[in-house]
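Novice: next come a sequence and a model predicted from it.
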Amino acid sequence: MAFETLRTSSNREIALSHVTIQPAWVRISHWINALAVVLMVMSGWQVYDASPIFPGLRFPSAITLGGWLGGALLWHFAIMWLLFANFLVYIGMNFATGRLRRKLLPISFAALSSDLIAALRGTLGHADLRRYNSVQKFAYQVVIVDIAFMILSGLVTWKSVQFPLLRTLMGGYDNARVVHFVAVSVLVAFFVVHVVMVALVPRSLLLMIRGR
Amino acid sequence: MTFRKKTLEPDTFLSSHAESIIMDARNELESPARRLLGKQVLTLGGIAMLSGCNLSNDKSVNTMLRRMPSFNDNVQALLFNPNEMAPTYPESMITRPFPFNAFYDADDLPAVDAATYRLQVVGLANGKRVWTLDELRALPQESQITRHICIEGWSAIGRWGGVRFSSFLKHAGADITAGYVSLHCADNYWTSIDIPTALHAQTLLTLTYDGQVLPPKYGFPMKLRVPTKLGYKNPKHIVTITVTNRYPGGYWENQGYNWFGGS
């Protein structure tokens, strides 16, 4: 009896693999975001180089975009709209479709720590790509909040006079720049781990391209 | 694991399907091309960098980049609230020394003779169009301690004193329905601002810095202090003010800096 149940459910899972796991809106917004983030970070590093926050930390021209401050700002202030609009659509759709609740929540500390230990030991499986493990859930939640911080701190850096409340929350103009830089650095760290994980589990790349 | 039991499976369609999926997946994972793709993902940054270089030279991308600033100008004009004041600071927070900043070295500062200096107002203005320094000093003076924000990212707090620009424009009989106020300087620098910003209560035609006559390094004989705009919209050594409907551009703006330049 137990065997029968197991077999039936396994077959259902196999049948489900023909069902789209990542809907089109997730895939489209993911790739728009990926493109926008890469262009924003590279042009942002060029802007940073004009007046480094941390003396000694500069970004080589090989990994920056725009050629000079003015060129980089043209990129930065054009692509920011793409990043912002795409982020709003992504967040809106996550709420509207219930995906946020279904796939990214809930997350418990116990599950997160056990999954994290398993991940560090290399024993955390990725057999079922329909479900995010706790480490994934946590990472994706962090990156969503991080991008929100990036946008808000960027807004204060761009228009500190016009957003007095946000400016105060960011600790003033100069501090908003630091928050912006740290938020971007967290995103870059996520990007590196994310790409390494995709290289380790190539099926997840296919999944994000064709949805199943 | 259950696939091995496929002979026992009553639903043959499903199990044959399952087998094809597995084969599919196996092929995809094992084919050298797929593996290569997996490896290439690691160099995604490198690919983006290369395409970034090419993108900068692409015509349509450049057109897009040129068009965006006018969109951004409009957004900034919308965001600009004439009643929103830039934050002011206590005297203790003034940056000392306040940085010298220009597109040339301090050795090349323009020499302006206070006695022969005349500020000219040209274009759409029908009031007093020629001003001496003493006449400007005779107008009501205000002072502010505000943050100067450079487009490069750094900022510094300073104290400037002078004439409220809106009252100066009124004396000059400027047409405030015009589109722009442009400012030409003794060092051949020029920039231009929108009328709502020109009329903002904190926009000052400054004659002093920190209680002293404005020194050459900070823009003698006068600097337009616009705390709601970035540094390059705060010209020094002004000699001519033009009220116009024709887009005047600016030294940095013509090279790619955003025209509105709000902060």
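Specialist: Happy to help now that I have it.
Novice: for B:D11, report the pLDDT, please.
Specialist: For B:D11, the pLDDT comes out at 49.
Novice: same question, B:L29
Specialist: pLDDT, B:L29: 53.
Novice: neighbours of residue 196, how many?
Specialist: All of this is about chain A. Counted by other C-beta atoms under 10 Å in any protein chain shown, the residues lying close to A:V196 total 12. Where C-beta positions appear, they are placed from N, C-alpha and C, glycine not excepted.
Novice: let's do chain B instead
Specialist: 14.
Novice: now do the phi/psi pair for the nearest residue to it once chain neighbours are set aside.
Specialist: Once flanking residues are discounted, B:P196 sits nearest to B:P82: 5.5 Å by C-beta to C-beta, 6 or more residues apart in numbering or on different chains. When read as degrees, to the nearest 10, the backbone of B:P82 gives phi -60, psi -20.
Novice: setting aside sequence neighbours, what's the nearest residue to the residue in chain A that chain B sits nearest to?
Specialist: Residue nearest to chain B within chain A (C-beta to the nearest C-beta): A:G70, separated by 3.4 Å. Distances taken as C-beta to C-beta, 6+ apart place B:G256 nearest to A:G70, at 3.4 Å, with adjacent residues excluded.
Novice: neighbours around the one you found, how many?
Specialist: Neighbours of B:G256 using other C-beta under 10 Å come to 18.
Novice: mind listing what it touches?
Specialist: Neighbouring residues of B:G256 by C-beta atoms under 8 Å, 6 or more residues apart in numbering or on different chains: A:70-71, A:73-74.
Novice: the closest residue to B:V130 other than its chain neighbours: how many residues sit nearby?
Specialist: Residue nearest to B:V130 in three dimensions, not counting chain neighbours: B:R118, with 5.4 Å by C-beta to C-beta, 6+ apart. Applying other C-beta under 10 Å, we find 12 residues neighbouring B:R118.
Novice: for the residue nearest to A:G70, phi and psi?
Specialist: phi 130, psi -10.
Novice: in chain B, which spans are helices?
Specialist: Using DSSP state H, the helices of chain B run over residues B:12-30, B:32-42, B:44-57, B:59-79, B:133-138, B:165-171, B:195-198.
Novice: now chain A
Specialist: Going by DSSP H, chain A shows helices at A:2-16, A:24-50, A:69-97, A:99, A:109-121, A:134-158, A:164-169, A:173-200, A:203-210.
Novice: export those helices to CSV and tack on mean pLDDT?
Specialist: Below are these laid out as CSV (pLDDT from 0 to 100):
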stretch, mean pLDDT
helix A:2-16, 45
helix A:24-50, 96
helix A:69-97, 95
helix A:99, 86
helix A:109-121, 80
helix A:134-158, 93
helix A:164-169, 96
helix A:173-200, 95
helix A:203-210, 87
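Novice: nearest to B:Y247, out of the ones you listed?
Specialist: Nearest to B:Y247, of all the helices of chain A, is helix A:69-97, at 17.9 Å by C-beta to C-beta.
Novice: mind listing what's buried in that closest one?
Specialist: A:69-80, A:83, A:86-87, A:90, A:94 (16 or more other C-beta atoms under 10 Å in any protein chain shown).
Novice: in this structure A:G66 contacts A:Q46, no?
Specialist: Yes: in terms of C-beta atoms under 8 Å, A:G66 counts as a neighbour of A:Q46; the distance is 4.7 Å.
Novice: quick revisit: would you mind measuring from the residue nearest to B:V130 to chain A?
Specialist: 33 Å (C-beta to the nearest C-beta, to the nearest Å).
Novice: mind listing what that residue touches?
Specialist: Listed by C-beta under 8 Å, 6+ apart, the contact set of B:R118 reads B:130-132, B:239.
Novice: burial count for A:V161?
Specialist: So A:V161, with other C-beta under 10 Å, has 25 neighbours.
Novice: and for the residue nearest to it when sequence neighbours are not counted, the neighbour number?
Specialist: Spatial nearest neighbour of A:V161, excluding adjacent residues (C-beta to C-beta, 6+ apart): B:A86 at 4.6 Å. Counted with other C-beta under 10 Å, residues neighbouring B:A86 total 21.
Novice: and B:A86, how far from A:Y173?
Specialist: 10 Å (C-beta to C-beta, to the nearest Å).
Novice: B:S182 against B:N245, yeah?
Specialist: No: using C-beta under 8 Å, B:S182 is not in contact with B:N245, being 11.1 Å away.
Novice: neighbour count for the two, which is higher?
Specialist: When B:S182 is set against B:N245 and neighbours are counted by other C-beta under 10 Å, the residue ahead is B:S182, at 21 against 12.
Novice: residue contacts, residue 201?
Specialist: Picking chain A for this. Taking C-beta under 8 Å, 6+ apart, one finds A:126, A:129 in contact with A:V201.
Novice: my bad, the chain I had in mind was chain B
Specialist: Each residue near B:A201 by C-beta under 8 Å, 6+ apart is listed here: B:85, B:164, B:166.
Novice: surely the first one and B:R147 touch.
Specialist: No: when contacts are counted by C-beta under 8 Å, B:M85 is not listed as touching B:R147 (12.0 Å).
Novice: ok, the two, which is more surrounded?
Specialist: More neighbours surround B:R147 than the other of B:M85 and B:R147, with 21 against 16 (other C-beta under 10 Å).
Novice: output the below-cut-off pLDDT ranges for chain B.
Specialist: Where chain B drops to pLDDT under 70, the residues are B:1-59, B:66.
Novice: same thing but at 80, please
Specialist: Scanning chain B for pLDDT under 80 picks out the ranges B:1-69.
Novice: centre-most residue in the chain?
Specialist: As the question left the chain open, I've gone with chain A. A:V143 (4.2 Å; C-alpha atoms, centre = their mean).
Novice: quick one, what contacts that residue?
Specialist: Per C-beta under 8 Å, 6+ apart, neighbours of A:V143: A:186-187, A:190.
Novice: same list, those, but as JSON lines with neighbour count and distance to chain B please.
Specialist: As requested, those are exported to JSON lines (neighbours: other C-beta atoms under 10 Å in any protein chain shown; distance: C-beta to the nearest C-beta, whole Å):
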{"residue": "A:V186", "neighbour count": "17", "distance to chain B": "17"}
{"residue": "A:L187", "neighbour count": "20", "distance to chain B": "13"}
{"residue": "A:F190", "neighbour count": "17", "distance to chain B": "13"}
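Novice: and which of the residues you listed is nearest B:V226?
Specialist: A:L187 (33.3 Å).
Novice: wait, the closest one sits on A:I147?
Specialist: Yes: applying C-beta under 8 Å as the test, A:L187 and A:I147 come out as touching, 6.7 Å apart.
Novice: return every residue with contacts to both of these two.
Specialist: By C-beta under 8 Å, 6+ apart, no residue touches both A:L187 and A:I147.
Novice: the residue nearest to B:V130 and A:L57, how far apart?
Specialist: Applying C-beta to C-beta to B:R118 and A:L57 gives a distance of 48 Å.
Novice: what do you get for B:S60?
Specialist: 34 Å.
Novice: again, but for A:V47
Specialist: For A:V47, the distance to A:L57 - C-beta to C-beta - is 14 Å.
Novice: one more: B:V75?
Specialist: 31 Å.
Novice: so between these two, which is more surrounded?
Specialist: Remark: of B:V75 and A:L57, B:V75 carries more neighbours, 15 against 10, as counted by other C-beta under 10 Å.
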